[in-house]
Each structure stands twice: as structure tokens, then as C-alpha cells.
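Novice: Okay, predicted coordinates and the sequence, questions at the end:
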Amino acid sequence: MKLPDSLRDQLKTPLGVLLPENQADKINIQKYLSENSYVITVGDRTTEKMIDFGLIPSLQIIDGQEKRKKREPPKLENVTELTVDNPAAEITSQSIDMIKKAFTMQSPVQLFVDGEEDLLVLPVCIHAPENSVVLYGQPNEGLVIVKITSEIRNKVQTLLDLME
């Protein structure tokens with residue numbers, strides 16, 4: 001599925017709560033997590049930040065880049081590593097299958113995307129287990145925290161249905 005230009009602006013709207021950069025600390029983030037939350041991060045910086053806070057995401061989706069610049073991917077011991085190809089501005093069926101597979105595996109799982117991981121927030125929101133919380137960065141603004149509900153799943157499915 002490719003992202004049509006008509007959807008680009010819609011996707012700039014955070015799917016959940018936007019914590020401004022200066023408030024995206026461990027204490028504020030923990031307010032949105034319950035004891036048994038299945039935490040999913042999309043993005044290298046977001047993943048690294050959670051690991052630094054000692055909040056190890058169950059699923060981490062990274063691409064070794066930040067704002068289109070190469071960077072060292074977040075490191076974690078005892079993590080299951082998966083890899084998938086996903087070109088910029090696309091969501092491949094391979095990526096969706098790999099996300100579904102990751103949800104069935106012992107966590108933590110790190111999915112390395114060869115290409116771009118930004119849009120994978122969408123299939124993650126649809127296929128995430130109950131009690132999931134998805135965290136991703138909103139460029140130059142802060143951290144978005146999305147509690148997965150049927151309302152979020154429906155909203156995201158509507159967006160995916162508009163992709164080509």
C-alpha cells in the first residue's frame with residue numbers, strides 16, 4: 001500500500017496524546033502505562049528513550065535512522081531480532097505479516113526495517129494485542145502515546161482503507 005499525497009496532512013495529526021518534548025520523561029510516560037501494558041515503540045529515538053528509562057518495549061520497530069539521517073540503532077541484550085523491507089511512504093504486506101508474527105513471539109522483539117518504519121504505526125495499531133500502548137515520535141514536537149482501543153483501531157483502519 002502506498003501513501004497518497006492526499007493523506008499526508010491527515011497523518012500529521014497525532015493518533016493519541018502528544019507529550020511535548022520537554023515533558024516526555026519517564027514519570028509522565030508511566031502515567032499512560034498500566035502494570036501489564038504491552039508497550040510498542042516505533043522509531044529509533046523513541047525506542048532508545050524508553051530503553052534509557054528502563055521501560056523495555058515488548059516490540060520495537062526501528063530503521064537505523066532519525067529524520068532521514070543514519071544513526072546507530074538502539075542496542076538491547078536478549079532481544080529477538082527480525083528484519084523486513086519496507087520502502088518509504090509504503091506499508092508492505094510483508095511488514096504487516098512480520099508485525100503480526102512479532103506479536104506472537106516472546107518479548108522483547110526488535111523489528112529492523114530496511115527502508116522506513118514511520119507508517120508501520122498504522123498496522124501496529126490494528127494488530128496490537130489488547131492492553132497495548134504505542135509510542136512514536138512526532139517530529140520536532142514530542143512523543144505520541146496511543147492506548148489501543150476499538151475506536152483507535154477503527155480510525156486507523158479507515159486511514160489504511162484510503163491508501164492505494
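Specialist: Alright, I've got the coordinates. Residues are numbered from 1 along each chain as shown.

Novice: Now do P57 against L160, distance only.
Specialist: According to CB to CB, to the nearest Å, P57 and L160 sit 23 Å apart. Where C-beta positions appear, they are placed from N, C-alpha and C, glycine not excepted.

Novice: ok, those two, which is more surrounded?
Specialist: Between P57 and L160, counted using other CB atoms under 10 Å, the more crowded position is P57 (26 against 16).

Novice: Now the more buried one: phi and psi?
Specialist: Backbone torsions of P57, given as degrees, to the nearest 10, read phi -70, psi 140.

Novice: after the lowest-mean-pLDDT helix or strand in the chain, next one along is what?
Specialist: Lowest by mean pLDDT, DSSP states H and E among the helices and strands of the chain is strand 69-70, with a mean of 79. Per DSSP states H and E, the first helix or strand lying C-terminal to strand 69-70 is strand 80-86.

Novice: Pretty sure G115 sits against T83.
Specialist: No: with contacts counted by CB atoms under 8 Å, G115 stays clear of T83, the gap being 10.6 Å.

Novice: With neighbour numbers in mind, choose between these two.
Specialist: G115 (17 against 10).

Novice: per-residue confidence at that one?
Specialist: pLDDT recorded at G115 is 94.

Novice: Equivalent analysis for F112, please.
Specialist: In this prediction, F112 carries a pLDDT score of 96.

Novice: Which helix or which strand is home to it?
Specialist: strand 109-115.

Novice: Which elements pack onto that strand?
Specialist: Helices and strands touching strand 109-115, by 3 or more CB pairs under 8 Å, 6 or more residues apart in numbering; DSSP states H and E, are strand 59-62, strand 80-86, helix 93-104.

Novice: for it, the distance to its chain's centre please.
Specialist: 11 Å (CA atoms, centre = their mean, to the nearest Å).

Novice: Tell me the bridge partners for the spatially most central residue of the chain.
Specialist: Geometric centre of the chain, nearest residue: V42, 2.5 Å, by CA atoms, centre = their mean. Following DSSP bridges, V42 is listed with bridge partners I61, Y136.

Novice: how much space is there between it and S6?
Specialist: 23 Å.
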